[in-house]
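Participant: Return a 3D structure for these sequence lines:
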Amino acid sequence: MKHARFVVAGLAVLLAVVVHHPLLAGLGSVLPGEPASDALRGLWSTWLIGEEVPGWPFGSDMVGFPRGVDIVAFPAVSLTLVFPTTRLFGPAVAMAVLVLFHCLFAFGATAWLTRVLGGGWGSATLAGSLVATQPVLGGALRDGTLEVLAVGWMPLAIGAMTLACRGSWRWGVATGVIFVLTCLESVYYGSFTAVCMLGVLTTTRTRKGMGAAAVSGVVVLVGVGLVCLAVWPVLSGISLDSAGDQGDLRLANAASLKNIKYLAMHPGGLSWSAGSIWGPPAPHLIALAAGGLLAIRRTPWLTVLGLFFFFLAQHHDWTLWWADGPIGQVVRFPRRYLAAAAVVLSVGLWWGSVPLRRWPAVELGIGVVLAGIMTYWGVVSSGYKHAYPTMDKPQFAFTTAIAEDRDDDAAVLFAPLEVPGGGGEDRSDLPVFASLSPDLASGDLLVLQVLVDKKAWTAPDLVTLVKRPGDAGLLAKNLSDLAFATMGQQVPGSARVGKSAYVNELPWLMGEGLKYVVVDKVRYTDEGLEQMDSIFEAAVDVTDYDDGTGVRVYTLWEGERPPPALEPPQYPGGDLHFTGKLVGTPSPDLAEFWILSSQTEQKCGVRPEGDFDCGSIDRVMDIWIIVDGERMTIEREGGYTDHVVRVVGSP
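Facilitator: This is a model prediction of the structure:
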């Protein structure tokens, strides 16, 4: 058919619109994903890349103020591609564009791979619809992990490698570039695609094909080397043990044959939560199995890869040689291999359409009908029919007020940066900033940074984020430590220092851009709030907002930014020292001054006049004085830098 490609392109757009119409209906006012999910991190990543591009995308001064961070935000390539949308319409619209783009990309790239292998437009439509509506992608959308939606890179890389192995040097170069981009988009699909490259190599039959494949290998090596060089600050900051032992995590997130069969017959039978949406429905399983059987004779590598991915998804023992290897170990959720299995098995279906080659219109018609059936069951099994996953874009009065300040250099400090717990809690189990909304969960500070659209101390705990070295001062840490009091814990002495302790630091931070201090009032005692009023007594404005349980915003300056200091304030030992005076004993320098901190037990030096210096102590747990081998009874008063220890007698 002369216009078949345009018909298929139109069908792809129709599929994307039908599947994701709830997202389009709320464009700009809703986010794709469930509340309290990784969608919040996705919003922040979209905003961050939109702020940095067209500059350097692997580093930012917007995060980890005042020093900045080095970061690889996934999916790096598509986030970069949509940055104009982010700049013009905001990150919420850009996220919706990303979801639609990846749906179209999955359909289009799989359809193209089918055509490269020899299939007709009907087979291409069927394969594209199968991949684009896989339930494992629906679970990823519900969870807000945008990089898992980027499955389209996989068939694109396989198709390019196939053409290279047929002898095209240009496609050899393109394959290398596409593979590198795939790795930057998602380490999962980089790992899956690496397996497929080995399978495609078995199709090489000529010297020219071997040469083109070699070219792609060289391009991959050079490209990976350049990428490693570009993101070296991130790679060098990643601990080899940062991921910990992945064994239990993989087992918990592996598919099981029992659940695969159950979900095939009962979509949503486990639950409609993100972690339970992954199993293909029965029509999908039948189609994929048929694709594997049809491909055995002429493209057996598709069948072998499909079976290998299927067993990898179940984390079978015999697959551990790959799963625990340097490329396979990046996959922490084995059931996501089902997306890879769907790619290679769906394109095998084209062999079933060979008898219809004489009647391309019939082949296309049958493919469209079958694609419609697969799309319906994909929508059902992905949970879209039950409840399409969206959350309202949050907005608060204080964030709106700060966002209206268009000063690009202004920075915000949220206090506290973290809420102290009793130990062992996940961040998601601790209170949301000012109890603004349970929908924000552990992503509260990320969302607040996006809403105020400013630099901030905020830096999420990501493996691919490394804070740049340098002194950030004590203000942020001490303000967070002051929140210990409302949690029934002792406030470290270092946090009780008065405004004089920040006489050099605060002007330095303001010179770097610190303009707003946003305080979660309920996390502080009255004494703590009074201490902050004292520290920021020179603020040009102090406004209390009724958002949540109450927010206080200190505006430190207006108009032109204060001149920057040449150097940050220097504290001996990198921190304030616990210092003061020992009194009540005739020879203070002959007394033994012992202190117990949360770190260690140590002896402090005492001068003849009684002045003592214990160095940098994170928390003073106890103090005891020994005179002539006997422990004295003491009284204590004062702050961290002006503590008075008075000997009042023997026990």
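Participant: Tell me if I'm right that residue 39 and residue 31 touch.
Facilitator: Yes - with contact defined as Cβ atoms under 8 Å, residue 39 and residue 31 form a contacting pair (5.1 Å). In this view, the C-beta of every residue, glycine as well, is placed from N, C-alpha and C.
Participant: what touches both of these two?
Facilitator: 95, 144, 391 (Cβ atoms under 8 Å, 6 or more residues apart in numbering).
Participant: Can you flag which of those belong to helices?
Facilitator: Of those, the ones assigned to helices by DSSP state H are residue 95.
Participant: quick check, nearest of the shared contacts of residue 39 and residue 31 to residue 219?
Facilitator: Set against residue 219, the nearest of the shared contacts of residue 39 and residue 31 by Cβ to Cβ is residue 95 (31.6 Å).
Participant: and the residue of the chain most remote from its centre, helix, strand or coil?
Facilitator: Farthest-out residue of the chain from its mean C-alpha position, per Cα atoms, centre = their mean: residue 586, at 60.0 Å. At residue 586, secondary structure determined by DSSP: H, G, I helix; E, B strand; the rest coil is coil.
Participant: Check residue 70 too.
Facilitator: Criterion first, three-state DSSP; result for residue 70: strand.
Participant: In this model residue 465 seems to touch it, though I could be wrong.
Facilitator: Yes - in this structure, residue 70 is within contact of residue 465 by Cβ under 8 Å, at 7.5 Å.
Participant: These two: which has the busier surroundings?
Facilitator: Each of residue 70 and residue 465 has its neighbours counted (other Cβ atoms under 10 Å); residue 70 has more, 22 against 19.
Participant: That one and residue 408, how far apart?
Facilitator: Per Cβ to Cβ, to the nearest Å, residue 70 is found 21 Å from residue 408.
Participant: what's the closest of the shared contacts of residue 39 and residue 31 to residue 340?
Facilitator: Closest approach between the shared contacts of residue 39 and residue 31 and residue 340, by Cβ to Cβ: residue 144, at 20.9 Å.
Participant: The closest one: how many residues sit nearby?
Facilitator: Residue 144, neighbours per other Cβ under 10 Å, totals 25.
Participant: And it, how close does it get to residue 263?
Facilitator: According to Cβ to Cβ, residue 144 stands 21 Å off from residue 263.
Participant: Repeat that for residue 48.
Facilitator: Computed as Cβ to Cβ, the residue 48 to residue 263 distance reads 36 Å.
Participant: now residue 579
Facilitator: Between residue 579 and residue 263 the computed distance is 64 Å (Cβ to Cβ).
Participant: Pick out whichever of the two has more residues nearby.
Facilitator: Higher neighbour count among residue 579 and residue 263: residue 263, with 23 against 19, using other Cβ under 10 Å.
Participant: Tell me if I'm right that that one and residue 285 touch.
Facilitator: No - counting by Cβ under 8 Å, residue 263 does not reach residue 285; the two are 9.4 Å apart.
Participant: nearest to residue 10, of the shared contacts of residue 39 and residue 31?
Facilitator: Nearest to residue 10, judged by Cβ to Cβ, of the shared contacts of residue 39 and residue 31 is residue 95 at 24.7 Å.
Participant: Run through the neighbouring helices and strands of whatever helix or strand residue 372 lives in.
Facilitator: Using DSSP states H and E, residue 372 maps to helix 360-381. Helices and strands touching helix 360-381, by 3 or more Cβ pairs under 8 Å, 6 or more residues apart in numbering; DSSP states H and E, are helix 4-19, helix 121-132, helix 135-143, helix 282-295.
Participant: any idea how far residue 630 is from residue 435?
Facilitator: Per Cβ to Cβ, residue 630 is found 52 Å from residue 435.
Participant: circling back: intersection of neighbour lists for residue 70 and residue 465?
Facilitator: Here residue 70 and residue 465 have residue 234 as joint contacts, going by Cβ under 8 Å, 6+ apart.
Participant: which residues in the stretch 451-600 of the chain form helices?
Facilitator: Here the stretch 451-600 of the chain has its helices, by DSSP state H, counting those that start in this stretch, at 475-481, 505-512, 526-535.
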